[in-house]
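K.L.:
This is the structure alone, sequence omitted:
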Ligand SMILES: [Zn+2]
């Protein structure tokens, strides 16, 4: 058996790879409903990028199929089993402040700079060229290899949902849309609301509180469930305590807890503001939740009855409870890590609904029903109803599955480095495949420029990734 030098094969095609990747990146494939039509549900730019990728595959001798412009595939090889490579041709909007035009795809100091360079058009083209290498070497395959190109990964994943309604699910596969070495496990993801209507609260018929110091009129914190809120605001009407005293206590509270905020008095009302630190909701302990921190101050006041129930619930179960400890739903999984709880949005309206919007991520050793029934029961006691807004179950491929072990071996051979496998709290495109992992393109230690200005992929990494993908395709499909 001759050994193939995959890097050398890639270097032979370097100029073509770079040029083709540049042309691909020069197509602005941002979601554009204004140019949507039949066959181009997400607009002309994305359609053009899809056609470009298909064109490169067709020219390389692959068979292509378009699925209504939602997704498309390109296939080669033969056999019953199907190896899938799932990537996406859409990009997030470019935003401002770029050093070079975002769709010029210029090479600056060894970096190919463009929107989509690392996420996900650069690696998509790397994988296509990897397949071209396997084809051009005339290597015998016992399986089919199929590129599946999605078109709205950056929004709602309608692409893969539509595609898999009619098309074959690969036996196994990978997505070049995250990190090397390999992501084999992803937590379950949920967006939940706990909502208490005025009627539901009234039905509890709680007695009016004695000695009310202030009435809570309104509270608002956060915009998104998957972010830690960095701003919160509450409006109080002083009753048993005068405004001066509450304001003074608030300033003292900020000082004691080393927090930033402000208090203003207008028309007999007090407006309390709290500043926190926003981080991604998958790791809420790294941030400072302005909403629950503000609640923690309010909890020390005697408020009107309904506000008391809202504040008490939040202070007991959500304040600095990043793992659901007080709710009794904490779970630490050796492989996937802890269940995490982020209170992304808090809304209270004395005349309307009282709401918490939560983002809870959970490992595979606990079921959704197990923990959500506990949460729901605690919520019900305070007249909150739990509603599931979004739920993705945990995704995991057995670490001993040949998909994982083969890709690990390929990575180690190509890089000379050990291929540790990763479990994450986020979601990758890999979970769209029944047996799917994320495999590259970002190498360990590289800053992640996806979705940032001056997004880039190092030309050397583009080449290295191509060599890795070429061997991976061959080893999986031979
Ligand atoms: Zn992506």
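P.N.:
Looks like it arrived, so ask away. Quick caveat: nothing in here was measured; it's all calculated off a predicted structure.

K.L.:
make it CA atoms for all contacts and neighbour counts henceforth
P.N.:
Noted.

K.L.:
Run a quick neighbour tally on the residue in the chain positioned nearest to the ion.
P.N.:
In the chain, no residue comes nearer to the ion than residue 119, which is 4.5 Å away by C-alpha to the ion. Using other C-alpha atoms under 10 Å, residue 119 is surrounded by 29 other residues.

K.L.:
go on, residue 393?
P.N.:
17.

K.L.:
That one against residue 191, yeah?
P.N.:
No. Using C-alpha atoms under 8 Å, residue 393 makes no contact with residue 191, being 11.8 Å away.

K.L.:
Residue 6 contacts residue 470, correct?
P.N.:
Yes. Under the criterion of C-alpha under 8 Å, residue 6 makes contact with residue 470 at 6.8 Å.

K.L.:
Pick out whichever of these two has more residues nearby.
P.N.:
residue 470 (26 against 20).

K.L.:
list the contacts for the residue nearest to that one when sequence neighbours are not counted?
P.N.:
Taking C-alpha to C-alpha, 6 or more residues apart in numbering, and ignoring the residues beside it in sequence, residue 470 has residue 130 as its nearest neighbour in space, at 4.0 Å. Contact partners of residue 130, counting by C-alpha atoms under 8 Å, 6 or more residues apart in numbering, are 10, 466, 467, 469, 470, 471, 473.

K.L.:
per-residue confidence for the third one?
P.N.:
We note a pLDDT of 98 for residue 467 in this prediction.

K.L.:
Mind listing what's buried along the longest helix seen in the chain?
P.N.:
Longest helix of the chain, by residue count under DSSP state H: helix 459-477. Across helix 459-477, burial judged by 16 or more other C-alpha atoms under 10 Å covers 459, 461-474, 476-477.

K.L.:
So the residue nearest to residue 470: helix, strand or coil?
P.N.:
helix (DSSP: H, G, I helix; E, B strand; the rest coil).

K.L.:
what about the residue lying closest to residue 9 once chain neighbours are set aside, helix or strand, and which?
P.N.:
Sequence neighbours aside, residue 133 is the residue nearest to residue 9 in space, at 6.9 Å (criterion: C-alpha to C-alpha, 6+ apart). Assessed by DSSP states H and E, residue 133 sits inside helix 121-136.

K.L.:
Show me what the helix or strand just after that helix is packed against.
P.N.:
Sequence-wise, the next helix or strand downstream of helix 121-136 (DSSP H and E) is strand 144-150. Applying 3 or more C-alpha pairs under 8 Å, 6 or more residues apart in numbering; DSSP states H and E, we find strand 144-150 packed against strand 71-77, strand 82-88, helix 459-477.

K.L.:
could these go into JSON lines alongside distance to residue 175?
P.N.:
JSON lines is the format used below for the helices and strands packed on strand 144-150 (distance: least, C-alpha to C-alpha, whole Å):
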{"stretch": "strand 71-77", "distance to residue 175": "14"}
{"stretch": "strand 82-88", "distance to residue 175": "5"}
{"stretch": "helix 459-477", "distance to residue 175": "11"}
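
K.L.:
Which residue ranges make up each domain of the chain?
P.N.:
The domain map for the chain lists 6-187+395-477, 188-392, with the assignment taken from automatic domain parsing.

K.L.:
neighbours around residue 448, how many?
P.N.:
17.

K.L.:
list the contacts for it?
P.N.:
residue 442.

K.L.:
Also residue 360?
P.N.:
189, 190, 191, 192, 339, 340, 341, 342.

K.L.:
ranges for the helices of the stretch 251-400 of the chain?
P.N.:
Ranges of helices in the stretch 251-400 of the chain, per DSSP state H, counting those that start in this stretch, are 290-298, 305-317, 368-381.

K.L.:
looking at those, which is buried most?
P.N.:
Mean neighbours per residue, mean count of other C-alpha atoms under 10 Å, is largest over those for helix 290-298, with a mean of 25.

K.L.:
circling back: can you list the buried residues in the helix holding residue 133?
P.N.:
Buried, per 16+ other C-alpha under 10 Å, within helix 121-136: 121-135.

K.L.:
Check stretch 160-179 too.
P.N.:
Buried-residue list, stretch 160-179, by 16+ other C-alpha under 10 Å: 160, 162-163, 169-179.

K.L.:
how distant is the lowest-mean-pLDDT helix or strand in the chain from the center of its chain?
P.N.:
Least confident helix or strand, the chain: strand 332-333 with a mean of 92, by mean pLDDT, DSSP states H and E. How far strand 332-333 lies from its chain's middle: 21 Å, per C-alpha atoms, centre = their mean, to the nearest Å.

K.L.:
partners of it in the sheet?
P.N.:
In the sheet, strand 332-333 lines up against strand 337-338 (antiparallel) (DSSP bridges).

K.L.:
So which residues make contact with the partner strand?
P.N.:
For strand 337-338, using C-alpha under 8 Å, 6+ apart, the contacting residues are 323, 330, 331, 332, 362, 363.

K.L.:
Write the PyMOL selection for whichever of the residues you listed are buried.
P.N.:
Remark: buried members of those, expressed as a PyMOL selection using 16+ other C-alpha under 10 Å:
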select buried, resi 323+330+331+332+362+363
